[in-house]
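Q: structural data only, the sequence is not supplied:
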Ligand SMILES: [Cu+2]
């Protein structure tokens, strides 16, 4: 009985991998890839723009709805200074697109404590910076990432509590 079953299993396996079936499997696989390619070319842009809009909504202030504005505001949490997005996320990870022109907007608190946003790559090389801000002053500067990868932002004066990641894809 046991032997019979083994025999059956074996023949089943052989059937599955017969030339005819491999052709059918390949056909199904290629069809799936084709359908996926058509679908993603049709809806890829829509999906990308929706996710960018979400990112922009999460990080931009009420002053703008544009998806290429990166808004970081100085706030205080537990007696520490932090960067916050418009929706109150503390030191948010910023997910950005490469080769896209962004405007970084920084906003200070209404006191005379100085802050300065620094963008740097993973090796610590400085890529861009805002002016020094304090007393409610805001600053914006343009920046475009020409390569995908992981980057970092921090405050020149409070690097331990005011820092976050930038993921460029
Ligand atoms: Cu600071």
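A: Now that the structure is in, tell me what you want to look at. This structure is a prediction, so every number in the text was calculated from the model and none was measured.
Q: show me the domain layout of this protein.
A: 2-57, 67-168 (automatic domain parsing).
Q: what's the least confident stretch among the ones you listed?
A: Note on the domains of the chain: lowest mean pLDDT is at domain 2-57, with a mean of 47.
Q: which residues in the protein form helices?
A: Using DSSP state H, the helices assigned to the chain run over residues 2-16, 19-59.
Q: those residues of this structure touching the ion, which are they?
A: Contact residues (Cβ under 5 Å from the ion) of the chain with the ion: 81, 115, 155, 157, 158, 162. C-beta coordinates here come from the backbone N, C-alpha and C atoms, glycine included.
Q: how close does the closest residue to residue 164 other than its chain neighbours sit to residue 108?
A: Take residue 164 and drop its neighbours on the chain: the residue closest to it by Cβ to Cβ, 6 or more residues apart in numbering is residue 91, 4.0 Å away. Distance, residue 91 to residue 108, by Cβ to Cβ, to the nearest Å: 16 Å.
Q: same question, residue 98
A: Residue 98 sits 29 Å away from residue 108, going by Cβ to Cβ.
Q: who's more crowded, these two?
A: Counting neighbours by other Cβ atoms under 10 Å for residue 98 and for residue 108 shows that residue 108 has the greater number, 22 against 12.
Q: so that one makes contact with residue 115?
A: Yes - using Cβ atoms under 8 Å, residue 108 is in contact with residue 115, at 5.6 Å.
Q: so what's in contact with the two at the same time?
A: Common contact partners of residue 108 and residue 115 (Cβ atoms under 8 Å, 6 or more residues apart in numbering): 74, 133, 134.
Q: that older thread, can you pick the most crowded of the residues of the chain next to the ion?
A: For the residues of the chain next to the ion, neighbours were counted using other Cβ under 10 Å, and residue 162 has the most, 25 neighbours in all.
Q: how many residues are close by residue 75?
A: Using other Cβ under 10 Å, the number of residues around residue 75 comes to 17.
Q: need the contact list for it.
A: Contact analysis of residue 75 by Cβ under 8 Å, 6+ apart lists 81, 82, 83, 84, 90, 109.
Q: how close does the fifth one get to the ion?
A: With the distance defined as Cβ to the ion, to the nearest Å, residue 90 ends up 13 Å from the ion.
Q: next up, the contacts around the residue nearest to that residue when sequence neighbours are not counted.
A: Excluding its sequence neighbours, the residue lying closest to residue 90 (Cβ to Cβ, 6+ apart) is residue 82, at 4.9 Å. By Cβ under 8 Å, 6+ apart, the contact list for residue 82 reads 74, 75, 76, 90, 91, 161, 162.
Q: and if you look at residue 142?
A: With contacts defined as Cβ under 8 Å, 6+ apart, the neighbours of residue 142 are 101, 102, 103, 104.
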